[in-house]
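Enquirer: Generate coordinates for the sequence data below:
(2 chains)
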Amino acid sequence: GESVGLHLPTLSVQEGDNSIINCAYSNSASDYFIWYKQESGKGPQFIIDIRSNMDKRQGQRVTVLLNKTVKHLSLQIAATQPGDSAVYFCADYPRGSGAGSYQLTFGKGTKLSVIP
Amino acid sequence: GAGVSQSPRYKVAKRGQDVALRCDPISGHVSLFWYQQALGQGPEFLTYFQNEAQLDKSGLPSDRFFAERPEGSVSTLKIQRTQQEDSAVYLCASSLAPDYGYTFGSGTRLTVV
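Expert: Numbering: from 1, shown residues only, chains lettered A, B, ... in the order given. Now for the predicted structure:
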């Protein structure tokens, strides 16, 4: 079936550097995408979202880029800090499923490790 | 409370035992979701409630899994005759509306031995 997936399972970056986490999706009907951060022992925490009518959205230290042509999503974290160490998931909301539900489809995640 | 509360945080069950996992959503949140997260994987959808109505249960892996939300607030996920493959973290999330941002709880880690 169609799914959301991630290119890299692990990423190590030096504190202060920028991080880029990538995600590929396959569902052409997807029109809403969310990045989540999950720390050990906790549930996923919303970071930033983007709708398919946009190609870029910025938050505090984070930017999400969406390339619908190649079905690619990325999360950029500026000036990465030790507190950014976590697993990052992209998730996809396929609108118009017709099932009356709003299922998020998650990828497997990328583990970000920040080196002090 | 301020967030989604799940209990228990950890549950160890013997194979064949029935378990019940509780979710207290954020007050006033209409939508409630259950997800299953296997070790090293992303969460996978189980079921969705809008108020007390279970609108989608397509993700429940078998008829051993049952969820309810009788008064449109607290929800319980029940797993009958647990199997080892049921071992996972069970996450609950709630939102103001179906296509609004979710808030996840910290989950219940179920280990079936």
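
Enquirer: Quick one: name whatever helix or strand follows the helix or strand of chain A with the lowest mean pLDDT.
Expert: None of the helices or strands of chain A scores lower by mean pLDDT, DSSP states H and E than strand A:4-6, at a mean of 49. Using DSSP states H and E, the helix or strand that follows strand A:4-6 in sequence is strand A:10-14.

Enquirer: Does chain B have contacts with that following strand?
Expert: No. If you take C-beta under 8 Å from any C-beta of the partner chain as the test, strand A:10-14 misses chain B, and the best it gets is 11.4 Å. No exception for glycine: its C-beta is placed from N, CA and C like everyone else's.

Enquirer: Check what contacts that strand and list those residues.
Expert: A:19, A:21, A:80, A:110-115 (C-beta atoms under 8 Å, 6 or more residues apart in numbering or on different chains).

Enquirer: again, only this time at 6 Å
Expert: A:19, A:80, A:110-115 (C-beta atoms under 6 Å, 6 or more residues apart in numbering or on different chains).

Enquirer: Please apply the same query to stretch B:88-104.
Expert: In contact with stretch B:88-104 (C-beta under 6 Å, 6+ apart) are residues A:43-44, A:46, A:102, B:4, B:6, B:21, B:23, B:25-26, B:29, B:31-38, B:43, B:105, B:107-109.

Enquirer: Could you find which two of the contacts of strand A:10-14 are furthest from each other?
Expert: A:Thr110 and A:Ile115 (15.8 Å; C-beta to C-beta).

Enquirer: Compare the two (neighbour count), which wins?
Expert: Neighbours were tallied for A:Thr110 and for A:Ile115 using other C-beta atoms under 10 Å in any protein chain shown; the higher tally belongs to A:Thr110 (21 against 12).

Enquirer: Next, work out how far apart that one and B:Leu110 are.
Expert: Separation of A:Thr110 from B:Leu110 (C-beta to C-beta, to the nearest Å) stands at 25 Å.

Enquirer: closest to chain B among the contacts of strand A:10-14?
Expert: A:Lys111 (9.4 Å; C-beta to the nearest C-beta).

Enquirer: interface residues of chain B facing chain A?
Expert: B:41-43, B:45, B:48, B:55-56, B:91, B:98-99, B:101, B:104-107 (C-beta under 6 Å from any C-beta of the partner chain).

Enquirer: Hmm, which of those residues is lowest in pLDDT?
Expert: Lowest pLDDT of the residues of chain B next to chain A: B:Asp99, 70.

Enquirer: quick one: it and A:Phe46, what's the gap?
Expert: 14 Å.

Enquirer: In terms of neighbours, single out the busier of the two.
Expert: Each of B:Asp99 and A:Phe46 has its neighbours counted (other C-beta under 10 Å); A:Phe46 has more, 14 against 11.
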